[in-house]
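K.L.:
Sequence plus predicted model, see below.
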Amino acid sequence: MDRLKNLRKERGYTQLKMQMLTGIDQSDYSKIERGLRYYTFEQCKRIALALGTSMDYLAGLTDEKSPYPKSKN
């Protein structure tokens, strides 16, 4: 989960700030970052939104950090 930790640090966020932005308990978030726990789809979505990236980037499916454009629907 190096991508997750690196993005958080690039944004200048602490794990406590991520808790406030995502609603994921800081201790659970820490375990996710260290690879001791997997996040759910919903948690991944909230983390991606908080860090301004895509879920695909967090999953390692793309190297593009920028989020996808939002649909106009």
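P.N.:
Alright, I've got the coordinates.

K.L.:
in terms of contact, does Lys5 touch Ile32 like I think?
P.N.:
No: using C-beta atoms under 8 Å, Lys5 is not in contact with Ile32; the gap is 9.7 Å. Placement of C-beta: from N, CA and C, glycine included.

K.L.:
Those two - which one has more neighbours?
P.N.:
The residue with more neighbours, out of Lys5 and Ile32, is Ile32; 21 against 14, by other C-beta atoms under 10 Å.

K.L.:
what's the closest non-adjacent residue to the more buried one?
P.N.:
Take Ile32 and drop its neighbours on the chain: the residue closest to it by C-beta to C-beta, 6 or more residues apart in numbering is Tyr39, 5.1 Å away.

K.L.:
what's the burial count for that neighbour?
P.N.:
Tyr39 has 21 neighbouring residues, counting by other C-beta under 10 Å.

K.L.:
Which of the three states applies to it?
P.N.:
coil (DSSP: H, G, I helix; E, B strand; the rest coil).
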